[in-house]
Every structure is written in structure tokens, then in C-alpha cells.
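Colleague: I would like the atomic coordinates for the input below:
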Amino acid sequence: MVELNKLANNARNNKLSPDDIQGGTFTISNFGTFKNLTGTPIINQPQVAILATGTIEKKPAVLETPSGDVLAIRHKMMLALTFDHRVVDGALGGAFLLNLANHLENFDINLTI
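Modeller: Numbers count the residues shown, from 1 in each chain. Coordinates of the predicted model:
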């Protein structure tokens with residue numbers, strides 16, 4: 001945990017060294033910090049994938065209910081996954097994004113593990 005905190009602090013303070021980012025296989029990039037909805041993340045080779053997260057905004061959404069569809073305001077965020085097809089099959093990449101979105105949409109802050 002100490003190493004993770006050190007890396008996070010170095011990243012926040014623009015003090016990452018090349019050695020700090022060696023050996024990874026997956027990156028997460030948050031371009032939403034700058035109020036961007038979407039972006040095109042590029043893999044940092046030899047990593048195999050990068051997940052980019054956009055800003056969270058309130059958007060109209062259609063919700064299916066037992067009594068019919070309703071229009072509601074929901075928080076929405078774009079996710080973009082870039083991956084090396086030599087390593088990750090497209091179906092698995094899509095399934096990963098669906099699984100991640102489902103977890104985020106159903107996140108319960110009161111959930112205890």
C-alpha cells in the first residue's frame with residue numbers, strides 16, 4: 001500500500017520517473033478530470049490495454065419500469081477501452097466494459113463485504 005501511495009503522489013505531482021511506470025500491463029486514464037466526455041487512449045507498449053474514463057454529467061435516460069418506460073435524469077460517464085488484439089479478444093474486451101459498467105451502475109456505498 002505504501003508503494004501505491006508513493007506512485008499516486010508522484011503522478012499527482014508530475015514526478016513519475018520512467019522506472020515508476022515500467023512493468024505494467026494495464027493503465028487507467030482519467031481525461032474526465034478536464035471535463036472531457038471522451039477521448040482516444042493509446043496503449044503504452046508493452047502494456048496490453050488502457051481504460052479511459054470521461055467526465056460524469058447528468059443526462060436524460062430512458063428507464064424501463066413495470067408500468068412502462070420513463071424519462072429520468074441520471075449520472076452518465078463514457079468509458080473507452082483500447083487494447084492490443086494480439087492479446088485481448090474483442091469479445092472479452094467488450095464483456096469487460098459491460099461488467100465494469102454494471103458494477104459502477106449498481107454500486108452500493110452501504111454494501112459491506
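Colleague: Against which helices or strands is the longest helix that the chain contains packed?
Modeller: Counting residues, the longest helix found in the chain (DSSP state H) is helix 90-105. Applying 3 or more C-beta pairs under 8 Å, 6 or more residues apart in numbering; DSSP states H and E, one finds that helix 90-105 makes contact with strand 79-83. The way it works is simple: take the backbone N, C-alpha and C, and place the C-beta from them, glycine included.
Colleague: check contacts around Val62.
Modeller: By C-beta atoms under 8 Å, 6 or more residues apart in numbering, the contact list for Val62 reads 69-72.
Colleague: which of the residues you listed lies closest to Ser17?
Modeller: Ala72 (46.6 Å; C-beta to C-beta).
Colleague: Doesn't that closest one lie inside a helix?
Modeller: No. Counting by DSSP: H, G, I helix; E, B strand; the rest coil, Ala72 is located in no helix; its state is strand.
Colleague: number of nearby residues for Val87?
Modeller: Look at Val87: counted by other C-beta atoms under 10 Å, it has 13 neighbours.
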